[in-house]
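Engineer: Show me how the following folds:
(one chain, ligands or ions: 1)
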Amino acid sequence: MPQVTVTSMARGADGRMWIGTQNGLARSDGQAMEVYQVNEFPALGSNWIKLIQVADNGDLWVSTLKHLVRWRDGRFDVMAQREQIGEVTALSIDSSGKLWVAADRLWYFDGVALVQYDQWQGSVRTLVAGANVWVANDNNEITKLTGSAAEFLSWPVEPLVVRQMAIIKQRLWVATSQGLYRSNGKQLERMTESPVIALTTFGDALWFVSEQGVFVWRGDHIEAQLLTEEAGNFTLISTIFVDENHAFWLGSQAHGARYFWRASYAQISTQDGLSESSWSLLPEKNGLLVGTNRGLFLGQKDEFKRVVGANQIPGGVGYALLRDSSGRLWVGTREGLAVQEKSLWRPIKELRGQQVNSLLELQSGDILIGAARGLYRWDGERVGVLAGTQALVGKSVRSLLEDNSTLWIGTENGLKEWRVGELTSATLSPLAQEFVPALLQLQDGRVLAATYQRGIFIKSLAGPWRSLELSRGLPTQGAFGLFEHDGWVWISNGDGVQRIPVDQLEAKNPMLQVVYFDEGQKLGRSRLRCCNGGGNGRAVIDDGYAWFSSLAGVVRIDTNLPEVKVPVAKVRKVLDVGKSESRLMKDLEVHYSVLDFRNAQQIAYRYRMKPYNNQWQEAGDRRIAYYTNLPPGPFVFEVQAKQAFGRWGPVASATIVVEAYYYETLWFKCLIAALVLIFLYGIFRVRTFSLRTRSVYLAQEIQARTEQLETMNSELERVNKKLHLASITDPLTGLHNRRFMTEQIGVELARMKRQRQQQQQVQSNNVLGFFLIDLDWFKHVNDRYGHGVGDMLLAETASNLKKACRESDMLLRWGGEEFLLLAPDSNPSEFSRIADRLRRAVAMAGEKMGLPQRISASIGCVPHPLSLRSDIDNWTFTLALADYCLYQAKAAGRNCSVTAVVDDELLSTYREAKITSTELSSWRDEGRLNVRVLESLDTP
Ligand SMILES: Nc1nc2c(ncn2[C@@H]2O[C@H](COP(=O)(O)OP(=O)(O)OP(=O)(O)O)[C@@H](O)[C@H]2O)c(=O)[nH]1
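Structural biologist: Okay, here's the model as predicted:
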């Protein structure tokens, strides 16, 4: 509240309360308070609010110290200023919806502007408008304006001060400093004597505030005194407002505004004459009988008297009550059972010391007694264990119900069935182990069993037991008391009282109402401890009230008063809290609330923003939902509210459209996609170009390298060839050397073989001649003329020998002063002539050099193969033989040629590649090798 002095109150079209104070206008939904002041709403002219009035169309008229203002669609407009019409003292809406204004004169609003009512020229202290307008002037004279006429009302006494007026059924009520007056024709009648401060009407009832309290006048009498002068410290009342729940608001000059409602429940306890804990209730003709810790009490709504003393019944605690059809009163106690017949109490000795939990009169007239150690029957004369229930002896029986031929027996461990004298305990039943404190048969025949731990079970005529527990909306796990009334099943337990429509008991989500919620469940549990009870009748209906036994007297609930309604949530406003330059609703607050002036702080909310988040968000008592960075799109915000343990109320919704940032729009995304594609294509093109350039470059590079390599290869080949040539050539003579021969002889031998095969028949004279030539006494040449001359001689010899050879011959420098000539296709018969020619070539070399010494050579010449039967490939043997022959030529005096013939037999078997001269000498001695000097035809 902006200020404690409340001047006026009214209810807006949406149910919120407008409260005028001396420092601004306030509006409340029961929890939050919005304040309207001049600094934000200059049209008000002043923060001192004098009067407020809500018109039928929802407009709010506000009279401040300076302006008459109209509030419509969230804005204030100045309709008149004090300078024009004077100080406004009253506002009233007539039955046609027209606003009347009491100021310096009488004014009304014609829909556009204020117009002075020119048929009334007098002053106006206050007014009230209905079918007619009633005006009180400064002299407290009241006039009824009826069209063109005016009726003057007369006072029975004078003087008095008219404070406020109201109309009920065409009759005027006037609050004055000397009491309440009512019009009667042209007279005013005094109805009460003490000064009346404020009044208002609701329906045909007048509510007024006097120094004695708040009163409701209906018809010809005061119907209720709702608040006495002693009630609380709420004093200096200035104004009253009544709502459709028959709850009322009081505005005070010193204590702000307060909301008062009539609780549908009451606790009746020691201060009402009742004992503490009550256990069992029994509606009787002359009142409600209550079994307590200290005897029995009888009473009505507000007053109870003890009718049975504690000493009259065993132990004194009235725990179970029954009035049987013969008028006997049975009282089960914690220590036994007593029956009252003709005002005489008689204890039942068979039950002495046992707690009696339940009493039931059977159709037969027998009385059943459910006790702590079994089930008993009184048959008119005696009390004994009910036949067939011996199994229950020692067990505590808590509740009983007769259902045609079946007797239901609720015990502390299981529900039993007794039928024609036989006891059955349905072991498969969900109730087989439950503590069953109460049983009830509905008018439609269904049976209800209350349990301590698992809610309620319902049994259709032939169906199975169905449970109604926490999971199906029951606020607590236990149920202690049950009754059916007016289409509802009432359930009581330690947490309060709930009720369910009978036809919803087996519904999937039954509509359950919390009639009374005992906050004692929380810390500092209340003394009420509604609603425990002990024996039977712990919850009964009597005279329009539901009664429940409790630990502190009884709890009474008025079944006719409006129940706690399912709260209706409302979205109050959607607030964009994003950056000021952004109007895109990305970050927002959604404010919601319910209109509840009674339990607003107990209300819980849940909300969701579809389709952004389809799950309900439990918000507790928070009344703002916050969202940050919502994606673009339309959303539906939904909110629900509920009372503690109540059901969720209807869904309130608001549609919110979040616009997209430019970068969230489709065209922008398309643009970006296109740019990305173009960019990628560009990269692709650049890459292709560079790859192509690179591949051209690489191709050129490869070609260059290949050419380089080829050049190098050919160079290498050339060098290799050169090297090879060098390796097979003797540098001094230019002849091939021994290595060349080993490389080439294979080729020559293969050629020979081919040749032989082609010729079919072997021609023994066509052989490869081996001529091993060694210069004689060459050492002497070196020694005598020097090595240079020796070299020259060797070169010259080579040159001459070359000339002496055929083209196809192979002349080699075999080493030192030794040469080897291989002469293919030679005939051994020509060896002598060839050898001569070779020796002559040697001699001519010496001569050519002008050496004084005659130069000669010795030659060993051998054909290869040595015989037709010898191995062509074994040329080393031939060479060894040639060497042997050369040796023989030296031995024979040099300057001659020696050849050899080997035993054909021997050759055909001999395959050794190496043979020593010793071996050859032994062959010679054996006559298998024949050596002979070739006859020289032309001795050089
Ligand atoms: N100047 C020169 N002398 C060589 C070359 N190769 C070998 N000789 C020499 O030739 C001589 C060969 O001497 P010997 O094996 O005793 O034979 P000889 O002196 O020819 O006597 P006989 O062969 O028994 O007739 C050695 O003194 C070698 O030094 C060469 O390339 N140039």
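Engineer: how about stretch 736-756: buried residues?
Structural biologist: With burial defined by 16 or more other C-beta atoms under 10 Å, the residues of stretch 736-756 counted as buried are 736-737, 740-741, 745, 748-749, 752, 756. For the C-beta atoms, the positions are set from N, CA and C on the backbone; glycine is no exception.
Engineer: likewise stretch 455-470?
Structural biologist: The neighbour-count check on stretch 455-470 (16+ other C-beta under 10 Å) flags 455-459, 465, 467-469 as buried.
Engineer: Could you chop this structure up by domain?
Structural biologist: Using automatic domain parsing, the domains assigned to the chain come out as 154-260, 271-558, 569-654, 665-728, 730-933.
Engineer: would you list the ones you listed in CSV and tack on distance to Gly12 and mean pLDDT?
Structural biologist: Shown next, in CSV, are those (distance: least, C-beta to C-beta, whole Å; pLDDT from 0 to 100):
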stretch, distance to Gly12, mean pLDDT
domain 154-260, 12, 88
domain 271-558, 28, 87
domain 569-654, 10, 85
domain 665-728, 41, 93
domain 730-933, 126, 90
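Engineer: Just checking the distance from whichever strand or helix holds Phe689 to the centre of its chain.
Structural biologist: Per DSSP states H and E, Phe689 falls inside helix 666-728. From the chain centre to the centre of helix 666-728 is a distance of 56 Å (C-alpha atoms, centre = their mean, to the nearest Å).
Engineer: Spell out which residues of the protein are next to the ligand.
Structural biologist: Within the chain, the residues that sit near the ligand (C-beta under 6 Å from any ligand atom) are 732, 774-780, 782, 787, 790-791, 794, 816-817, 890, 894.
Engineer: Restricted to helices, list those.
Structural biologist: 778-780, 782, 787, 790-791, 794, 890 (DSSP state H).
Engineer: Now list the buried members of those residues.
Structural biologist: For those, a neighbour count by 16+ other C-beta under 10 Å gives the buried set as 778, 782, 790, 794, 890.
Engineer: Which residues does stretch 398-415 contact?
Structural biologist: 357-360, 362-363, 368, 370, 375, 389, 392, 395-397, 416-420, 423, 425-426, 429, 431-441, 447, 449-450, 536 (C-beta atoms under 8 Å, 6 or more residues apart in numbering).
Engineer: Which residue does the stretch 251-400 of the chain have closest to the ligand?
Structural biologist: The stretch 251-400 of the chain approaches the ligand most closely through Lys395 (141.7 Å), counting by C-beta to the nearest ligand atom.
Engineer: Kindly confirm my reading that that residue is in a strand.
Structural biologist: No: with DSSP: H, G, I helix; E, B strand; the rest coil as the criterion, Lys395 is located in coil rather than a strand.
Engineer: Chain neighbours aside, what residue packs nearest to it?
Structural biologist: Thr411 (5.3 Å; C-beta to C-beta, 6 or more residues apart in numbering).
Engineer: And for the one you found, the neighbour number?
Structural biologist: Residues near Thr411, counting by other C-beta atoms under 10 Å, number 21.
Engineer: Next one: it from Ser690, what distance?
Structural biologist: 95 Å (C-beta to C-beta, to the nearest Å).
Engineer: do Ala13 as well
Structural biologist: 76 Å.
Engineer: In strands, which of the buried residues of stretch 455-470 appear?
Structural biologist: If you go by DSSP state E, the buried residues of stretch 455-470 have 456-459, 465, 467-468 in strands.
Engineer: Can you tell me which of the residues you listed comes closest to Leu99?
Structural biologist: Comparing these against Leu99 with C-beta to C-beta places Leu468 closest, at 54.0 Å.
Engineer: Might you report the residue contacts of the closest residue to the closest one other than its chain neighbours?
Structural biologist: Spatial nearest neighbour of Leu468, chain neighbours left out: Ile456 (4.5 Å); criterion: C-beta to C-beta, 6+ apart. Ile456 sits next to 448-450, 467-469, 474, 479, 482, 491 when contact means C-beta under 8 Å, 6+ apart.
Engineer: I'd guessed Val931 sits against Cys896; true?
Structural biologist: No: checked against C-beta atoms under 8 Å, the pair Val931 and Cys896 is beyond contact range at 11.8 Å.
Engineer: Next, work out how far apart Leu868 and the ligand are.
Structural biologist: 34 Å (C-beta to the nearest ligand atom, to the nearest Å).
Engineer: neighbours of Phe152, just the number please.
Structural biologist: 9.
Engineer: Tell me if I am right that it is in a strand.
Structural biologist: Yes: under three-state DSSP, Phe152 sits within a strand.
Engineer: Could you number the chain from 552 rather than 1 from now on?
Structural biologist: Yes, from this point I'll number from 552; that puts the last item at Phe703.
Engineer: Specify the beta-bridge partners of the residue nearest to it when sequence neighbours are not counted.
Structural biologist: Of all residues beyond its chain neighbours, the one nearest Phe703 is Thr694 (5.4 Å), with distances taken as C-beta to C-beta, 6+ apart. Counting by DSSP bridges, Thr694 forms beta bridges with Val686, Phe703.
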